[in-house]
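Predicted model, plus sequence, below.
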Amino acid sequence: MIDLGRAGAVGRPDGEGRAGGGACDDRIRFTIGLEGDRLAQVRFGADACPAATGAAAWLAAAAEGVHLLDAARLGTAAAKAGCGVPAARAACVAVAVDALHGALADAVLRGARAVRRVAAVAVAMSGGVDSAVALAEAGQDAVGLTLALWIDPAGPDTDRACCAPSSVRRARDLCHERGLPHLAFDLRDAFRAAVVAPFVAGYEAGETPNPCVTCNGSFRLRELLELADRLGSSRLVTGHYARIEERGGVPLIARGTDHLKDQSYMLATVTPAVSARLVFPLGERTKVETRARATALGLAAATARESQEACFLGGADYRDFLARHGVAARPGPIEDEQGRVLGAHDGVAGFTPGQRRGVGVSADEPLYVLHTDVARAAVVVAPRRRLDRRRVALRDVAMHVERRSVEAKLRYRSPAVTAIVEGDGAERTLVLAAPIAGVAPGQTAALYDHGAIVGSGQIA
Amino acid sequence: MSPVIYLDHAATTPLSALAWAAMEPFLREHFGNASEPHAAGRAARVGLEAARARVALTLGCADQDVVFTGGGTEADNLAVLGRLRDGGRVVASAIEHPAVLEPLRAYGGEVAAVPVTADGVVDLDAVDALVRPGDALCCVMQANNVTGAIQPVAEVAAICAERGVPLHVDAVQAAAGIDVRVLPGPVTLAIAAHKLGGPKGVGVLAGTGIGSLAATVRGGGQERGLRPGTENVAGAVALAAALAARQGADAGAERIRRAALRDRLESACGLPGVSRAAPRLPGHALLLAPVRGDLVAHQLDALGICVAAGAACASGSAEPSHVLAAMGIDAPVARGAVRVTLGPETTDEDVAALAAALPDVLAALGRAVASVA
């Protein structure tokens, strides 16, 4: 018998979560009332199958009266065992768990704080293998945090399961398997504004933006730290292949030991105030070691697919994405430096300096994109040697530690080159020791000093 | 736990004492293989042929026109796939059981669907318009398993006979509560024992239409080669006994009692239902609750009352019953369907217990639903 005693809604709830409404047509809603960091009252509404309704009733009873972090430990496995649901109905149970967790996260977003008891560290969980291993190293006084970010619903590889994206559920299950609390926050709108909109605007302006750098530097880690604060966690553990190194007392992002996997460039614009609270347990590991560790730990995520492209593209080609988001493909001429038309292209946003693919005009020697003229939708091409740059203008420069001589990395997959930083303030110029071809406006220049990022700027 | 109040006789029935008494000797002393010529085999053969004769007598056909099968679904499959070996057009009602619809889907040829009225009764004018001379098959069930609505199969048989079109009548649900007879023309009729107080795993396909079916299962010459495999003699004997009991002269009073009990239940529950203006199987009610029927069934189950969610499909998705959809009932309304089906052993007290339990169950579930909005 499903106990419907907690069917209903808390008046003026401190948190509210909903789930379902997809193909399965199950809909569950939770409302919670807090007394400090304890769930004084938990109520549910359900228009759902017996498995989902039963799970909701069980979760309401299990969550009522317990600490916020303990309620965040309640997951699909516990609910299934608690109400004796057959394995075939696990998806229905997950809808109820989604709704309860939605209410818990909503309460934290509205300002609920863990006070009487806190989690010492917060672990940023993506559901992938790296964060799974990071979690395993974080000990038993941890809380897993996942941000549900916006994904283009028109992308071909978008998770359109009926209820919550599967990566959020995977992250939650990973935490619950270790008996740890997990909270997932729906920050889709904020992410769109902070990361996706500048990405689109960058291409519109003829630049080659790097949304991952933007996300890490000015969105994701800050949001996670803000949420970690509310749960009393002073430190944030992430699965990045990077390290923290100090220079004169300033904590800096530094290269990971695995140079093939090093993700420090993606963290180039993270400020020292943020770096001071970050822990990178994988920074001195190789990806191979991480996978081996994941297998040894029996983590289901050990074989998970590696994500490479910007997450919000949902597997789409970025040009298709741009076309769907108001950046119309603008065909135009392919010209040489003298303005002679050599051919035509079908969209200026598809070209970035240094690119050869898609140029498709025959000449005595191979031609590469030199730059684009977005006003005229023109792509200007030239032989390889003409692409070389020795001086690179930077804007939005932030130096955490002043250095004249640096190793500058101008793209994620390019080696760093020795450079001198000229000038001061937010606009400076890099003078490169060796020329680099294909310097793309909009990309981030990460400035290293012996492996640690002392500053960064945007290529103007 | 108190004894279960079983109100799901359309799903299956308890084995009747009479069926058990008839079959027990063939599970013990007369265990022989009916195809063997020795004494043990001959004893089994006698039982099997007696069962066949009894079924033929009950259904009004010749002994040779009765084939025992491994159940109702198997009988329906044989009638459909055994008929369509050479292709051809099919006319089938929109409310057929999956045991007919899915073989038709697998068949892949042209199938015209006969619509039903809002009460779930096959539209005879549509049958008249759709069935054409030369069609390979027409399928109309005798009573629907979801709504209990009785179909005008005699009129359909007349139309088919006039045009020389073979007719298959799925009488699996009907045989438990109304008179079932083999109709004139090249007709097949399917019955399952377990809906009648017989055991699971035995059915019948009967009618003169059997003579022109092709085998769909191979491996022996039993049952005219249409159902090869060692005969389930005990099952056949039990089926014959159970069918005779449900179809005999004494069945009438019990049917009237069940229909009256069903009517009292419907008025006591105060819920809307379907097919109430149509002729219905006695003891068959499909109620429309204001909340999901599967939840109502779940909660009643915990109180010791077995009823069926009338619209839930086997996969557990919210896909509404194709029967209710064909009747023009919207999916959100159809989700509230609760099927209550009474049997000969159902008492007034059983029905009263359901009527007493329903209001609290509906009120609590209603609160849960209201709180989602």
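It's in.

Can you show me the helices along chain A?
A:50-63, A:68-71, A:76-83, A:90-109, A:129-136, A:166-177, A:188-191, A:197-204, A:211-215, A:221-230, A:272-275, A:287-296, A:318-324 (DSSP state H).

Next, the angle from the third one to helix A:90-109.
Angle of helix A:76-83 versus helix A:90-109, following axes from the mean of the first three to the mean of the last three Cα atoms, to 10 degrees, is 120 degrees.

and helix A:76-83, what's its mean pLDDT?
When pLDDT is averaged along helix A:76-83, the result is 88.

same question, stretch B:64-77
98.

Flag every buried residue along it.
Using 16 or more other Cβ atoms under 10 Å in any protein chain shown as the test for burial, stretch B:64-77 gives B:65-77. In this view, the C-beta of every residue, glycine as well, is placed from N, C-alpha and C.

hmm, which two among those residues are most spread apart?
Farthest pair in the buried residues of stretch B:64-77 (Cβ to Cβ) is B:Asp65 and B:Thr73. Separation: 20.3 Å.

and the closest residue to A:Phe191 other than its chain neighbours, what is it in contact with?
Using Cβ to Cβ, 6 or more residues apart in numbering or on different chains and skipping the chain neighbours, the partner closest in space to A:Phe191 is A:Leu149 (4.4 Å). Applying Cβ atoms under 8 Å, 6 or more residues apart in numbering or on different chains to A:Leu149 gives the contacts A:Leu187, A:Arg188, A:Phe191, A:Val195, A:Cys311, A:Phe312.

redo that, cut-off 7 Å
A:Leu149 sits next to A:Leu187, A:Arg188, A:Phe191, A:Cys311, A:Phe312 when contact means Cβ atoms under 7 Å, 6 or more residues apart in numbering or on different chains.

ditto for B:Val90
Going by Cβ under 7 Å, 6+ apart, B:Val90 touches B:Leu104, B:Gly109, B:Glu110, B:Val111, B:Asp135, B:Ala136, B:Leu137, B:Cys139.

Now go through those and say which are in strands.
B:Val111, B:Leu137, B:Cys139 (DSSP state E).

quick check, nearest of those to A:Val421?
Nearest to A:Val421 out of the ones in strands among the contacts of B:Val90 is B:Val111 (Cβ to Cβ; 77.4 Å).

Just grab the bridge partners of that closest one for me.
Per DSSP bridges, the residues bridged to B:Val111 are B:Val90.

is it true that it touches B:Arg105?
No. When contacts are counted by Cβ atoms under 7 Å, B:Val111 is not listed as touching B:Arg105 (8.1 Å).

Just the buried residues of the longest helix seen in chain B, please?
Ranked by residue count and defined by DSSP H, the top helix of chain B is helix B:348-370. Judged by neighbour count (16+ other Cβ under 10 Å), helix B:348-370 contains these buried residues: B:350-351, B:353-355, B:357-358, B:361-362, B:364-365, B:367-369.

Which ones among those residues also lie next to chain A?
The subset of the buried residues of helix B:348-370 lying close to chain A, counting by Cβ under 7 Å from any Cβ of the partner chain, consists of B:Ala364, B:Leu365, B:Arg367, B:Ala368, B:Val369.

Next one, pLDDT for the first one please.
Read it as B:Ala364. 96.

Let me know the closest of the buried residues of stretch B:64-77 to A:Gly111.
The nearest member of the buried residues of stretch B:64-77 to A:Gly111, counting by Cβ to Cβ, is B:Thr73 at 59.3 Å.

Output the helix or strand where the closest one lies as CSV, nothing but the C-alphas.
Using DSSP states H and E, B:Thr73 sits within helix B:72-81. Extracted in CSV, the C-alpha atoms of helix B:72-81 (Å, rounded to 0.1, in the frame of the first residue of the first chain):
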residue,chain,number,x,y,z
GLY,B,72,-6.3,-18.8,-26.8
THR,B,73,-3.4,-16.8,-28.2
GLU,B,74,-2.2,-19.8,-30.0
ALA,B,75,-5.7,-20.5,-31.4
ASP,B,76,-5.9,-16.8,-32.7
ASN,B,77,-2.5,-17.0,-34.2
LEU,B,78,-3.3,-20.2,-36.0
ALA,B,79,-6.6,-18.8,-37.3
VAL,B,80,-4.8,-15.7,-38.7
LEU,B,81,-1.4,-16.8,-39.9
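
most distant residue from the middle of chain A?
For chain A, the residue at maximal distance from the C-alpha centroid (Cα atoms, centre = their mean) is A:Asp364, at 44.0 Å.

ok, now how distant is it from chain B?
62 Å (Cβ to the nearest Cβ, to the nearest Å).

just A:Ala349 next, same as before
Taken as Cβ to the nearest Cβ, the span from A:Ala349 to chain B is 42 Å.

sorry, back to before: kindly reformat the contacts of B:Val90 as CSV containing pLDDT, distance to A:Lys80 and neighbour count.
Below are these laid out as CSV (pLDDT from 0 to 100; distance: Cβ to Cβ, whole Å; neighbours: other Cβ atoms under 10 Å in any protein chain shown):
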residue, pLDDT, distance to A:Lys80, neighbour count
B:Leu104, 97, 38, 21
B:Gly109, 95, 44, 12
B:Glu110, 97, 46, 12
B:Val111, 98, 41, 16
B:Asp135, 98, 51, 19
B:Ala136, 98, 49, 19
B:Leu137, 98, 46, 27
B:Cys139, 98, 42, 27
